[in-house]
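**Student:** below is the structure, and that's it, no one-letter string:
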């Protein structure tokens, strides 16, 4: 839907990166903007235009119901707003990504999933740029989508979280990819099905001229219905239309008969948890019209992203891997299962309403020692007690020291927490860097 923002009164809820980008965009479009945020200690950036006002420390219903439009930042849960009242008054409530999309003319490639969004989004952007197109890469990764509006682009590649998708109504990506769904963010959603439905909204407004890229190996991620054309990717089986792995080689059937893209042994990483991202990115690039040869060239030089099964160091015959971005059980299972040989796993942090019991089986089969840190360590110890050899640590340095003491040549020490980081660290990147510093200090 196209909106006329000139002279309109718009309330933007949330003063984070996305909220501020939305407010700046609206102001440039001639709107009068009221920015609302719970945190009364937020610092208002200097030099804001007179068309932008700030109200910190909370808001009242009137701040929303008196507006012509309400824009929601992804960090603010939808249930914080009087949604029914806004609908009754005919006041549109939209996500920041939908605001941006309403002003963009380039086709949007939208990528979501519980795990692997950032890697896939980054890889798609690299392939399309290598092909010679002007590409904006952002959304939940890097720059907010609102910052794409100021320049002409050939493609918009947007990583979208469930938080961003739950409040969209008209967003229509040319290509929408759902990589996987495993339980996550259950501190925000009442149940797994609600989280699942939020992810499926990425396909809601697509038509038969659009494409849905789907994981054939993950039945929970497959939407109950589609109006777009489906292209599948799979690590386990051949697909009639899409991209698949067979006998150590990536094949595509998007242009008809199976065509070889490249062999796995030509890639810098071959962990099964990252192969899905490569398959999905290949399918998306082919649907955009890229040549197989060009795709293969980018795949073979792609190094992956930090804190996502990142190789840190080999020390005394033991490899150390930083998977700090593994903040849910599904991610940890994928990472553990992708490793050969015994694993020493460092996990724990701040809970996101997670049930840790699905980790018991892979831990029992693959993990020789589980080292627990953070707020959840006692709760996780209770879950795994009697099922695995568990210890606790008071710091990352202590955890790494314990791991190094227990490790033998051929083992892998893996940081993959299954939890958020905010109990001990600024964010997952800070957690990963602390792990790498501790590993680097081993002698």
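**Tutor:** That came in fine, so what should we check first? Predicted model only: the values in this text are computed from it and were never measured.
**Student:** what's stretch 24-41 in contact with?
**Tutor:** 5-15, 19-20, 23, 49, 51-59, 63, 67, 69, 71, 99-100, 103, 146-147, 149 (CB atoms under 8 Å, 6 or more residues apart in numbering). All C-beta atoms are positioned from the backbone trio N, CA, C, and that covers glycine.
**Student:** which residues touch residue 158?
**Tutor:** 97, 108-111, 121, 137-140, 145, 173.
**Student:** can you name the element that comes right after the helix or strand hosting it?
**Tutor:** Secondary structure assigned from DSSP states H and E places residue 158 in strand 155-159. Moving toward the C-terminus from strand 155-159, the next helix or strand (DSSP H and E) is helix 162-165.
**Student:** for that following helix, the distance to its chain's centre please.
**Tutor:** 10 Å (CA atoms, centre = their mean, to the nearest Å).
**Student:** neighbouring strands - and their directions - for the very next helix or strand once past it?
**Tutor:** Next helix or strand after helix 162-165 toward the C-terminus (DSSP H and E): strand 175-178. Strand 175-178 has the following sheet partners, assigned by DSSP bridges: strand 108-112 (parallel), strand 211-215 (parallel).
**Student:** and the next element down the chain from strand 175-178?
**Tutor:** Strand 175-178 is succeeded, C-terminally, by helix 192-200 (DSSP H and E).
**Student:** ok and that next one relative to strand 108-112, angle-wise?
**Tutor:** Interaxial angle of helix 192-200 relative to strand 108-112 (axes from the mean of the first three to the mean of the last three CA atoms, to 10 degrees): 160 degrees.
**Student:** what are the buried residues along helix 192-200?
**Tutor:** Going by neighbour count (16 or more other CB atoms under 10 Å), the buried part of helix 192-200 is 192, 195-200.
**Student:** nearest to residue 282, of these?
**Tutor:** Closest approach to residue 282 among those (CB to CB): residue 199, at 21.4 Å.
**Student:** follow-up on the earlier one: filter the contacts of stretch 24-41 down to the buried ones and hand me the PyMOL line.
**Tutor:** Those of these that count as buried under 16+ other CB under 10 Å are selected in PyMOL with:
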select buried, resi 5+8+10+11+12+13+14+15+19+20+23+52+54+56+59+67+69+71+99+100+103+146+147+149
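**Student:** so of the contacts of stretch 24-41, which ones are in strands?
**Tutor:** Among these, DSSP state E puts 9-13, 52-56, 69, 71 in strands.
**Student:** so where's the stretch 1-150 of the chain uncertain?
**Tutor:** Applying pLDDT under 70 to the stretch 1-150 of the chain flags no residue at all.
**Student:** with residue 382 as the reference, measure out to residue 370.
**Tutor:** 13 Å (CB to CB, to the nearest Å).
**Student:** try residue 15
**Tutor:** Taking CB to CB as the measure, residue 15 falls 39 Å from residue 382.
**Student:** OK, contacts around the spatially most central residue of the chain?
**Tutor:** Centroid-nearest residue in the chain: residue 117, 4.0 Å away (criterion: CA atoms, centre = their mean). Residues counted as contacts of residue 117 (CB under 8 Å, 6+ apart) are 111, 140-141, 159-161, 179.
**Student:** likewise residue 228?
**Tutor:** 176, 203, 206-212.
**Student:** between residue 370 and residue 382, who's got more neighbours?
**Tutor:** residue 370 (23 against 11; other CB atoms under 10 Å).
**Student:** wait, the more buried one touches residue 392, no?
**Tutor:** No - judged on CB atoms under 8 Å, residue 370 makes no contact with residue 392 at a distance of 9.7 Å.
**Student:** relative to residue 298, which of the strands paired with strand 175-178 is closest?
**Tutor:** strand 108-112 (15.4 Å).
**Student:** so what's the gap between the closest one and the chain middle?
**Tutor:** The answer for strand 108-112 is 11 Å, by CA atoms, centre = their mean.
**Student:** equivalent analysis for stretch 79-89, please.
**Tutor:** Computed by CA atoms, centre = their mean, the chain-centroid distance of stretch 79-89 equals 28 Å.
**Student:** what residues of that stretch count as buried?
**Tutor:** 81-82, 86.
**Student:** ok, so of those, who is nearest residue 325?
**Tutor:** Using CB to CB, those come closest to residue 325 at residue 81, 29.4 Å.
**Student:** the closest one: what's it in contact with?
**Tutor:** 13, 64, 70, 72, 93.
**Student:** of those residues, which is the most crowded?
**Tutor:** residue 72 (30 neighbours).
**Student:** quick one: that one and residue 94 touch, right?
**Tutor:** Yes - applying CB under 8 Å, one finds residue 72 in contact with residue 94, separated by 7.1 Å.
**Student:** which neighbours do those two share?
**Tutor:** residue 167.
**Student:** where do the helices sit along the stretch 251-400 of the chain?
**Tutor:** Residue ranges of the helices in the stretch 251-400 of the chain, as given by DSSP state H, counting those that start in this stretch, are 272-287, 292-301, 329-337, 360-366, 377-384, 396-406.
**Student:** okay if I get those helices as CSV plus distance to residue 265 and mean pLDDT?
**Tutor:** What follows is these, written out as CSV (distance: least, CB to CB, whole Å; pLDDT from 0 to 100):
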stretch, distance to residue 265, mean pLDDT
helix 272-287, 12, 93
helix 292-301, 10, 97
helix 329-337, 20, 93
helix 360-366, 23, 95
helix 377-384, 35, 95
helix 396-406, 29, 98
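**Student:** any chance of those in CSV, with distance to residue 155 too?
**Tutor:** Shown next, in CSV, are these (distance: least, CB to CB, whole Å):
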stretch, distance to residue 155
helix 272-287, 10
helix 292-301, 15
helix 329-337, 27
helix 360-366, 37
helix 377-384, 42
helix 396-406, 39
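**Student:** deepest-packed of these, please.
**Tutor:** Among those, the stretch with the highest mean neighbour count (mean count of other CB atoms under 10 Å) is helix 272-287, at a mean of 26.
**Student:** what is the most widely separated pair among the ones in strands among the contacts of stretch 24-41?
**Tutor:** Most distant of those, by CB to CB, are 56 and 69, 20.7 Å apart.
**Student:** list the contacts for residue 244?
**Tutor:** With CB under 8 Å, 6+ apart, residue 244 has these contacts: 232-235, 237-238, 250-251, 253, 279.
**Student:** that one should be in a helix, yeah?
**Tutor:** No - under DSSP: H, G, I helix; E, B strand; the rest coil, residue 244 sits outside any helix and is assigned strand.
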